[in-house]
Structure formats: C-alpha cells, structure tokens
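**Student:** Let me see the structure of the following:
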Amino acid sequence: MKEAAGEANLTVVAIILIGVVVAVVTPLVTSLMSSSAEKACCSDAGGVWSGGQCKAGSSAYDATGYRECVDEATANQ
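**Tutor:** Below you'll find the model as predicted:
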C-alpha cells in the first residue's frame, strides 16, 4: 500500500510541475509570436525592424499597411 501512495504522490508532483512549466512558458511563447508577427508585418510593408520598432526602410514603406497587418495579427491571437 505504501508503494501505491508513493506513486500517487509522484504523479501529483509531476502534474504540478507540468502546470508550472506551462504557466511560465505560455507568456514567453505568446510574446515571441507577437514579436515575430510585428517583424514580418514590418518587412512586408517595406520597413526595417530596428530597436523594437518598424522604421521606414525605403520610399515604398507603407505605415498604414504595417499597422493594419499588426492589428490583424494581434486579433488572431
């Protein structure tokens, strides 16, 4: 009976650890996905990603297109 109780305790510990890992990793992955979407939108709009912002990279830079792309990407998350 002691072995069964030990296995049950180990299962509970494993479930708690999995929950903690998921709670920590989820915001990190969400942040990385958002950042990647912004960089892709910047590139598609003709901009250059620098210092955490999209800056005009050429005369063909479309600020409105960039903003719409980012808004659409964040709405889909």
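
**Student:** How far away from the center of its chain is the host helix or strand of Pro27?
**Tutor:** Counting by DSSP states H and E, the element that carries Pro27 is helix 2-44. The chain centre lies 12 Å from the centre of helix 2-44; the measure is Cα atoms, centre = their mean, to the nearest Å.

**Student:** start the count at 712, not 1, going forward
**Tutor:** Yes, from this point I'll number from 712; that puts the last item at helix 713-755.

**Student:** Give me the helices and strands touching that helix, please.
**Tutor:** strand 758-761, strand 764-767, helix 774-786 (3 or more Cβ pairs under 8 Å, 6 or more residues apart in numbering; DSSP states H and E). C-beta here means a position set from N, CA and C on the backbone, and glycine is covered the same way.

**Student:** Out of the ones you listed, which is closest to Met744?
**Tutor:** helix 774-786 (8.8 Å; Cβ to Cβ).

**Student:** Tell me which residues of that closest one come out buried.
**Tutor:** Using 16 or more other Cβ atoms under 10 Å as the test for burial, helix 774-786 gives Tyr777, Cys780, Val781, Ala784.

**Student:** now the first one, nearest residue through space, not along the chain?
**Tutor:** Right, the one you point to is Tyr777. Ala756 (3.7 Å; Cβ to Cβ, 6 or more residues apart in numbering).
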